[in-house]
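Colleague: Generate coordinates for the sequence data below:
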Amino acid sequence: AEYMGEERTTKRPKTFSMPGKLGGKLTSSEDPWPSPAKVIKRNALDLGINQALVALPFQDPALEVMGLLRVLHAIATHWHCLYPCMLPHPALLATDFHCPKLFTKLSRQLHDPFVIATGNLPSWLAQVTTSCPFLFPFDCRQLLLYATAFDRERALMRLQSESQDGGATANDHVGPRVDKVKKIVSRENLLHQAEQIFIDMGNPKAILDISFENEVGTGLGPTLEFYALVSKDLQRSELNLWRGESIQVPNTTGAGVEECITYVHAPSGLFPAPVPRTMKLGPLTRLKQKFRFLGRFLAKALLDFRLLDMSFSVSFYRWLLGEQESFCLADVQHVDVVLHRSLLDLSQMVATKQMLDEQPDSRGGLPLQEALAELSDRVDDLGLNFVLPGYPQIELCKDGKDKDVTIHNLQDYLKLSVHWILYEGVKRQIEALKEGFQTVLPLSHLATFQAQELEDLLCGGKSGYEWDAKSLAESFRPDHGYTSSSQAVRHLSEILCEYSREEQRRFLQFVTGSPRLPIGGFRALNPLLTVVKKSYEAPDNPDDYLPSVMTCVNYLKLPDYSSKHVMREKLRLAAQEGLLSFHLS
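Modeller: Predicted coordinates:
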């Protein structure tokens, strides 16, 4: 009703409605279609400035300065809204707004175990970070999230893990006890088992601990691999959850059987595939169940400090932050770059028509009518109808398949296309996801982050970045036969630097259980990656042994190979053969 301007009347036929806020009439063919005049939304600059001008809910001599900073930050972030066809990019760097003194005070409070244990955080922390989150860097706001949004035991556990030195392990400390839910799963049909686990979990705050059937591995390593494998299964094309092209990827099942699985490839990040208004109840219910599970899955990963092997679109994260009201054509680039380019070309035609309409009867000797006719022919030659690009089964308006796009209604076509891509076609799925997320963690805790930062928060650092030998060597902790100057440690660093993106992912999953690193790279692993010399009997040759790992503590047992070439081959073989199992070495 908010978007359609429709009033309910008692004369309308009765329709079946689902309970709760996600319900609504399922006989959507009787609902009013969104008209171009009703889908116009306020731009991000208007919303940003209006929010900045809202009175802050506390008293302080610095309020006027903070209010001014809020307005300046909104203008610097959304200034592109003043110019048509301008792609979004900030006028100032995020670091230009950071306040080192406030960051130092906040960091001191968040690293005080007595403050965290008693929950006695100063009131100004929440007030300032909520009103002006841009004053603090990402890692500072991340610490605040862990200290305030989660329970006290988790906050203390996180603080303790970060304060441990490189040689300490979790068993060396007496720390807070957090309830655990232990589950044993099979590697076959893993997604279905994961859905059932999240349904059966009585306490969503308990830490989920996973082990696999017929495998001896337990603890952090198998749990991280569980999250990585479920993340991958959620990207299967057969689920019809995401828009993007389908690609076949060779895969080895838990039984060792080779097969090809089709996944969705979305270069701009995952974004829900639109569904028509006339979708039947059964398929729609199953689709919403999948997204509701995804919401719980995202929140549980955040709550338990797990990383997901997924990359979402910036527009998807803007939905989570409640910024869908300011979606515009520029946001389509975060969903489909090729489609955005095509729609941008059409918007240029609209701008040309508007310019011609404002011109006198001639333009450089060419009559106005001929120029308009030429532009009209260009649109007619495209052969477009009022259906969603790439989804011919989704009509943008009533009887859209029978309505041709002309130069006179091209602007309406653009408005409706953007509305359906970003809002109308995906709102039921994302509302279901948000409902699932809220059952584990309130979405309001994400309000201090930008949409681009949620990817780092949920999925860790981006894979595929450059590794250099010096930083890698400084991130390792050689022990038990190795030092930082050992030839084997140097060879290991050099080999990792030569890895491709896929080889990086395979090595990380072999060593840590997750194909992604946290923000900060190897230095952020907790504990640090320990490299020790693998022992063997005196007559044996180290070249006959494979490296082995303890994923729970990031512990790599590396034989002292005779050459760099031998080490490279042994690491490749171990990472390839040891991915889908946790056994004793």
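Colleague: What segments of the stretch 351-500 of the chain are strands?
Modeller: For the stretch 351-500 of the chain, the strands defined by DSSP state E, counting those that start in this stretch occupy 362-363, 366-367, 387-388, 391-395, 477-479.
Colleague: Please read the previous query as pertaining to the chain.
Modeller: 180-185, 207-212, 245-252, 258-265, 362-363, 366-367, 387-388, 391-395, 477-479, 530-533, 548-550, 555-558 (DSSP state E).
Colleague: Contacts only, for residue 564.
Modeller: 491, 494-495 (CB atoms under 8 Å, 6 or more residues apart in numbering). Placement of C-beta: from N, CA and C, glycine included.
Colleague: Derive a ChimeraX selection command for the buried subset of those residues.
Modeller: To isolate the buried ones among the contacts of residue 564 in ChimeraX, judged by 16 or more other CB atoms under 10 Å, type:
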select :491,495
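Colleague: doesn't residue 303 make contact with residue 205?
Modeller: Yes. Assessed by CB atoms under 8 Å, residue 205 is found in contact with residue 303 at 7.2 Å.
Colleague: most tightly surrounded among the strands of the stretch 351-500 of the chain?
Modeller: strand 387-388 (a mean of 20; mean count of other CB atoms under 10 Å).
Colleague: who's in contact with that strand?
Modeller: Residues contacting strand 387-388 (CB under 8 Å, 6+ apart): 274, 393-396, 400-401, 417, 420-421, 425.
Colleague: Looking at those residues, which one is closest to residue 53?
Modeller: Sorting these by how near they are to residue 53, with CB to CB, puts residue 421 at the top with 30.9 Å.
Colleague: report the longest helix in this protein, please.
Modeller: Counting residues, the longest helix found in the chain (DSSP state H) is helix 281-303.
Colleague: Number of residues surrounding residue 308?
Modeller: 23 (other CB atoms under 10 Å).
Colleague: show me what contacts it?
Modeller: 227-228, 231, 297-298, 301, 458-459.
Colleague: which of these are buried?
Modeller: Buried among those (16+ other CB under 10 Å): 227-228, 231, 297-298, 301, 458-459.
Colleague: what would those residues look like in JSON lines with pLDDT?
Modeller: As requested, those are exported to JSON lines (pLDDT from 0 to 100):
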{"residue": "227", "pLDDT": "94"}
{"residue": "228", "pLDDT": "91"}
{"residue": "231", "pLDDT": "95"}
{"residue": "297", "pLDDT": "96"}
{"residue": "298", "pLDDT": "96"}
{"residue": "301", "pLDDT": "94"}
{"residue": "458", "pLDDT": "90"}
{"residue": "459", "pLDDT": "88"}
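Colleague: what's residue 398 in contact with, if anything?
Modeller: residue 33.
Colleague: How many residues are close by residue 314?
Modeller: Neighbour tally, residue 314, other CB under 10 Å: 19.
Colleague: And for the nearest residue to it once chain neighbours are set aside, the neighbour number?
Modeller: Of all residues beyond its chain neighbours, the one nearest residue 314 is residue 334 (4.1 Å), with distances taken as CB to CB, 6 or more residues apart in numbering. Residue neighbour count, defined by other CB under 10 Å, stands at 22 for residue 334.
Colleague: For residue 260, see how far away residue 334 is.
Modeller: 29 Å (CB to CB, to the nearest Å).
Colleague: Skip the chain neighbours and tell me the closest residue to residue 572.
Modeller: Nearest one to residue 572, counting by CB to CB, 6+ apart, is residue 503 at 7.6 Å.
Colleague: and if you look at residue 80?
Modeller: Excluding the flanking residues, the one nearest residue 80 by CB to CB, 6+ apart is residue 86, at 4.2 Å.
Colleague: correct me, but that neighbour touches residue 44?
Modeller: No. Using CB under 8 Å, residue 86 makes no contact with residue 44, being 12.0 Å away.
Colleague: Looking at the two, which is more packed in?
Modeller: Each of residue 86 and residue 44 has its neighbours counted (other CB under 10 Å); residue 44 has more, 23 against 11.
Colleague: Tell me how far the more buried one lies from residue 351.
Modeller: 20 Å.
Colleague: Could you do residue 449 as well?
Modeller: 35 Å.
Colleague: Counting neighbours, go ahead and name the busier of the two.
Modeller: residue 449 (20 against 13).
Colleague: Using CSV, please lay out the contacts of residue 308 together with distance to residue 371.
Modeller: Formatted as CSV, the contacts of residue 308 follow (distance: CB to CB, whole Å):
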residue, distance to residue 371
227, 58
228, 57
231, 53
297, 55
298, 52
301, 56
458, 51
459, 50
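Colleague: Could you work out the most separated pair of those residues?
Modeller: Across these, the longest distance by CB to CB is 14.1 Å; it joins 228 and 298.
Colleague: Give me the nearest residue to residue 411, chain neighbours excluded.
Modeller: Sequence neighbours aside, residue 350 is the residue nearest to residue 411 in space, at 4.8 Å (criterion: CB to CB, 6+ apart).
Colleague: For that neighbour, which residues are in contact?
Modeller: 410-411, 414.
Colleague: just curious, which of the residues you listed is nearest to residue 94?
Modeller: residue 414 (31.7 Å).
Colleague: For that closest one, grab the count of nearby residues.
Modeller: Neighbour tally, residue 414, other CB under 10 Å: 19.
Colleague: same question, the one 10 residues further on
Modeller: Using other CB under 10 Å, residue 424 has 22 other residues around it.
Colleague: That one reaches residue 35, doesn't it?
Modeller: No. Contact criterion CB under 8 Å: residue 424 and residue 35 do not qualify, at 11.7 Å.
Colleague: Now for these two: what residues contact both?
Modeller: Joint contacts of residue 424 and residue 35 (CB under 8 Å, 6+ apart) do not exist.
Colleague: mind checking how far the residue lying closest to residue 273 once chain neighbours are set aside is from residue 74?
Modeller: In this structure, residue 273 finds its nearest non-sequential neighbour in residue 243, 4.3 Å apart by CB to CB, 6+ apart. For residue 243, the distance to residue 74 (CB to CB) stands at 30 Å.
Colleague: what's stretch 225-239 in contact with?
Modeller: Contacts of stretch 225-239 (CB under 8 Å, 6+ apart): 185, 187, 190-191, 194, 210, 212, 241-242, 246, 261-264, 270, 290, 294, 297, 301, 306-310, 509, 513-516, 551, 582.
Colleague: just stretch 198-214 next, same as before
Modeller: Stretch 198-214 is contacted from outside by 151, 178-187, 197, 217-219, 222-223, 226, 254, 293, 296-297, 299-300, 303-304, 439-440, 581-582, using CB under 8 Å, 6+ apart.
Colleague: Over to stretch 86-99?
Modeller: 69, 73, 75-80, 134-137, 330, 333.
Colleague: Check pLDDT for those and point me to the minimum.
Modeller: pLDDT is lowest at residue 80 among the contacts of stretch 86-99; the value there is 82.
Colleague: Determine the number of other residues adjacent to residue 544.
Modeller: 9.
Colleague: Quick check: which ranges of the stretch 401-550 of the chain have low pLDDT?
Modeller: Applying pLDDT under 70 to the stretch 401-550 of the chain picks out residues 461-465.
Colleague: who's residue 211 bridged to?
Modeller: residue 184 (DSSP bridges).
Colleague: Now do the same for the closest residue to residue 122 other than its chain neighbours: its pLDDT.
Modeller: Distances taken as CB to CB, 6+ apart place residue 109 nearest to residue 122, at 6.5 Å, with adjacent residues excluded. We have a pLDDT of 89 for residue 109.
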